[in-house]
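Q: What shape does this take:
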Amino acid sequence: MTPDFEVKRIYEPPTADDGTRVLVDRLWPRGTSKAEAHIDLWPKQITPSTTLRQWLHADRSAREPEFAERFRAELAAPEAQRELDRLRALAGRGRVTLLTAVKEADLPNSHIPVLLDELRERHQNAAG
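A: Sure thing, here's the model as predicted:
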């Protein structure tokens, strides 16, 4: 079975078809209570480190091209690999909704596409 990953902003209300809801931001989103968020998992090991986030935000336009490479290096750590495996296994049994506070317009240049690529790549490697 192909893993089923969905991406939503955490500010969208939960729905019955969200499946397992996973927060994929390092910091808790402003303006959302934990009760409202209905989070099942919050694996900080698969989010950009504080150091990486601060590095990116110091000069976002110049550093965006290198960000994905640095984030992939962080995702290669054993703790991150275990969490990626866990999410891939969960998605093999049903939908996993990755939740983020990243603005819709900023999603393509955020950590989310890198994370999705890693999750899909791990599935392809496991299947092939």
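Q: Mind listing what's buried along stretch 58-70?
A: Phe67, Arg70 (16 or more other CB atoms under 10 Å). (Each C-beta comes from the backbone N, C-alpha and C, glycine too.)
Q: ditto for stretch 106-118
A: Taking 16+ other CB under 10 Å as the criterion, stretch 106-118 shows Asn109, Ser110, His111, Ile112, Val114, Leu115, Glu118 as buried.
Q: The fourth one against Lys103, yeah?
A: It stands for Ile112. No. Contact criterion CB atoms under 8 Å: Ile112 and Lys103 do not qualify, at 11.3 Å.
Q: re earlier: now flag whichever of the buried residues of stretch 106-118 is closest to Val7.
A: Ile112 (5.9 Å; CB to CB).
Q: How much space separates that closest one from Thr47?
A: 10 Å (CB to CB, to the nearest Å).
Q: hang on, the earlier thing: now, the buried residues of stretch 106-118 that are in helices?
A: When helices are assigned by DSSP state H, the members of the buried residues of stretch 106-118 inside them are His111, Ile112, Val114, Leu115, Glu118.
Q: how about the fourth one, what does it touch?
A: The contact partners of Leu115, taken as CB atoms under 8 Å, 6 or more residues apart in numbering, are Val24, Ile46, Leu75, Leu98.
Q: let's see it at 10 Å
A: With contact taken as CB atoms under 10 Å, 6 or more residues apart in numbering, Leu115 is in contact with 5, 7, 24, 46-48, 71-72, 75, 80, 84, 87, 98, 100.
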